[in-house]
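Student: I would like the atomic coordinates for the input below:
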Amino acid sequence: MLNPARVDAVIDLAYGALIILSIGLIATLDTTVGLAFGVGVFSSYVLHVVWKMARFDPDWMTKAVEETVEKQVEDVQTQVEEAVEQTVGETVEEQVEDVQTQVEETVEQTVGETIEEQVEDVQTQVEAVSDRVDRRPREDEVEEIIEESVEDESET
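Tutor: Purely as a prediction, here's the structure:
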């Protein structure tokens, strides 16, 4: 039996020789003939490499596809996250501004009404105190009352 490693080495050398031959054909003969031969040799060499990789490491294609898919999924995930952040950010900003406006209006209205009521209550209390102060006798009236009562007492 033949040793697989030696067969692979001989095949690789044969492909190398064919590639060198195609370069020689391009240089000496018609360019299109050399290019056609070179493309054929190169494409068959690519098929040989794929076959060899599949034979020695059957999971290499699966790993390569998994890595590619994982990278694409990460890219899509990043794009989705950015789009969601942008959209949600704009929506939240708009809603916060609307709520802020509503809160300001409500607070202004409520505070205004409360202050009006409290000012009215304070004015009422001030007027009541003022009325009480007006009913009290002034200093000169107190002196007259004292003099009168002293006179009344002394007469008695």
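
Student: next one: His129 relative to Arg135, how far apart?
Tutor: If you look again at residue 129, you'll see it is Val, not His. 11 Å (CB to CB, to the nearest Å). All C-beta atoms are positioned from the backbone trio N, CA, C, and that covers glycine.

Student: more crowded one of those two?
Tutor: Val129 (10 against 7; other CB atoms under 10 Å).

Student: in this protein, what residue spans correspond to helices?
Tutor: 4-28, 31-56, 60-135, 139-155 (DSSP state H).

Student: now do the buried residues in the second one.
Tutor: Residues Gly34, Phe37, Gly38, Val41, Tyr45 are the ones in helix 31-56 that count as buried (16 or more other CB atoms under 10 Å).

Student: just to revisit the earlier point, need the helices of the chain in CSV with mean pLDDT, can you?
Tutor: Below are the helices of the chain laid out as CSV (pLDDT from 0 to 100):
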stretch, mean pLDDT
helix 4-28, 79
helix 31-56, 76
helix 60-135, 83
helix 139-155, 75
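
Student: what sits closest to Ile19 if chain neighbours are left out?
Tutor: Val41 (5.5 Å; CB to CB, 6 or more residues apart in numbering).

Student: where's that neighbour relative to Ala14, distance?
Tutor: Val41 is 10 Å from Ala14, by CB to CB.
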